[in-house]
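*Asks:* Build me a model:
(one chain, ligands or ions: 1)
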Amino acid sequence: MVERPNKPSSLVATPGLPPQPTVNFSDDNSLVTATLPTGESITVLLYGATVISWKDSSSTEKLWLSSAAKLDGTKPVRGGIPLVFPVFGPPPADHAQTSSLPQHGFARTSRWEFLGKSTSESSGDQQTGDLSVKLDFGLSSAADGLDPKGKAAWPFKFNLIYSVTLNRRDLTTSLVVTNDDERAFDCQVLMHTYLKVKDITNVTISGLDSSSYVDKVDAASTKTQSGEIRIEGETDRVYTADGPVTVSEGGKTLFTVTRDNLSNVVVWNPWVEKAKGMGDFEPKDGYREMLCVEPGSVGGWQTLEKGDAFEGAQTIALGA
Ligand SMILES: O=P(O)(O)OC[C@H]1O[C@H](O)[C@H](O)[C@@H](O)[C@@H]1O
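*Replies:* As a prediction, the model looks like this:
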């Protein structure tokens with residue numbers, strides 16, 4: 001049985017108090033949308049707890065979503081922010097615990113439960129309605145919504161809490177993984193963010209200079225980044241780096257991505273041929289309007305003993 005989320009009543013304005021964020025579900029309970037009084041919004045699909053939209057106060061979309069993305073739970077969403085857990089990429093054959101899992105694991109193909117919302121003042125400026133709203137989602141090994149393929153391939157007891165926090169100028173996503181099993185387990189975590197850009201040929205990515213990376217389009221060879229990154233062909237790199245990563249277009253900073261406890265950043269653009277080969281990637285020249293900057297912990301394994309927890313987060317700020 002599919003779990004129904006607790007359906008919250010919208011938060012409404014109370015006389016004497018500034019307007020509050022609103023949180024609403026779609027009629028079929030598959031989507032939850034949170035909107036700040038100043039107009040910024042996020043929409044999260046319970047399937048995968050996938051953030052599929054993030055709009056600023058002028059309703060300008062910040063995330064890329066394929067026009068052919070499946071939002072009906074039949075396959076992972078092509079766009080937005082799919083969550084990767086407990087393995088990144090094709091499972092390595094030499095890692096027995098994850099070797100039967102599908103690519104990128106099962107978090108993105110499971111139906112999550114909505115756990116609740118909370119609001120807070122971001123800056124104390126009530127006059128401008130500078131509030132934030134946090135949506136919490138949960139998935140555990142006991143959940144009805146767990147992808148059966150994941151359950152069969154990864155038989156550990158675990159609990160995941162995923163929090164999505166919208167502020168006026170940034171979005172934070174944070175994942176807490178807890179091991180509820182008697183046995184230790186290994187896992188990887190990644191937030192597969194598809195950022196929307198106008199023209200990839202004008203985009204530069206900075207903050208990764210001198211960092212080492214694994215180049216997945218060059219036989220997984222290890223290289224060192226020199227200067228800014230420009231996307232001029234298929235790009236699929238796993239960086240190990242600290243510090244913020246900025247995405248600029250035409251010299252203007254569009255996004256600044258900061259990370260908490262996530263030591264890797266994947267930079268991915270499929271370019272012409274790979275985009276053609278993905279049935280759910282539309283329009284085919286959409287690779288020009290997107291760039292994946294994916295904070296994660298995927299270079300090795302997080303080994304969690306019984307009762308241990310791992311927490312990682314990204315914040316994507318608009319502008320510098
Ligand atoms: O097609 P998907 O399973 O969603 O994966 C899309 C992409 O995800 C990451 O960025 C990987 O580094 C890529 O190698 C992969 O192609």
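
*Asks:* Give the phi and psi angles for the residue of the stretch 201-320 of the chain found nearest the ligand, as a check.
*Replies:* With distances taken as C-beta to the nearest ligand atom, the stretch 201-320 of the chain approaches the ligand most closely at residue 268, which sits 3.5 Å away. Placement of C-beta: from N, CA and C, glycine included. Its backbone dihedrals place residue 268 at phi -140, psi 130, with angles given as degrees, to the nearest 10.

*Asks:* List the contacts of it.
*Replies:* For residue 268, the contacting residues are 235, 236, 237, 291, 292, 294, taking C-beta atoms under 8 Å, 6 or more residues apart in numbering as the criterion.

*Asks:* For the third one, what is the enclosing helix or strand?
*Replies:* So that's residue 237. In this structure, residue 237 is located in strand 235-240 according to DSSP states H and E.

*Asks:* do the fifth one as well
*Replies:* Mapping residue 292 onto the secondary structure by DSSP H and E places it in strand 290-304.

*Asks:* buried ones in that strand?
*Replies:* By neighbour count, and taking 16 or more other C-beta atoms under 10 Å as the criterion, the buried residues in strand 290-304 are 290, 291, 292, 293, 294, 295, 296, 297, 298, 301, 302, 304.

*Asks:* Let me have the contacts of residue 268 in TSV, extended by distance to residue 275 and pLDDT.
*Replies:* What follows is the contacts of residue 268, written out as TSV (distance: C-beta to C-beta, whole Å; pLDDT from 0 to 100):
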residue	distance to residue 275	pLDDT
235	12	98
236	13	98
237	17	98
291	13	98
292	12	99
294	17	99
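
*Asks:* can you tell if the strand holding residue 237 touches the ligand?
*Replies:* Yes - contact of strand 235-240 with the ligand is found when judged by C-beta under 6 Å from any ligand atom, involving residue 236.

*Asks:* can you give me the offset of the strand holding residue 292 from its chain's centre?
*Replies:* 11 Å (C-alpha atoms, centre = their mean, to the nearest Å).

*Asks:* Now do it and strand 235-240, the angle between them.
*Replies:* Angular relation of strand 290-304 and strand 235-240 on a 0 to 180 degree scale: 40 degrees, by axes from the mean of the first three to the mean of the last three C-alpha atoms, to 10 degrees.

*Asks:* helix or strand right after strand 290-304?
*Replies:* Heading C-terminal from strand 290-304, the first helix or strand you meet, by DSSP H and E, is strand 309-318.

*Asks:* how long is stretch 34-48 from one end to the other?
*Replies:* Here the two ends of stretch 34-48 are set 17 Å apart, with distance taken as C-alpha to C-alpha, to the nearest Å.

*Asks:* On the strand side of things, show who residue 174 bridges to.
*Replies:* Residues in a beta bridge with residue 174, per DSSP bridges, are residue 163, residue 313.

*Asks:* For residue 234, see how far away the closest residue in space to residue 88 that isn't next to it in sequence is.
*Replies:* Counting by C-beta to C-beta, 6 or more residues apart in numbering, residue 88 lies nearest to residue 298, which is 3.9 Å off, once chain neighbours are set aside. Distance of residue 298 to residue 234, computed by C-beta to C-beta, to the nearest Å: 19 Å.

*Asks:* Sketch out the low-pLDDT regions of this protein for me.
*Replies:* Applying pLDDT under 70 to the chain flags residues 1-14, 122-129.

*Asks:* Next to the ligand, which bits of it? Give me the list.
*Replies:* Looking at the ligand, the residues of the chain close enough under C-beta under 6 Å from any ligand atom are 76, 89, 103, 104, 216, 236, 266, 268, 292, 294.

*Asks:* repeat that for 5 Å
*Replies:* Residues of the chain lying near the ligand by C-beta under 5 Å from any ligand atom: 103, 236, 266, 268.
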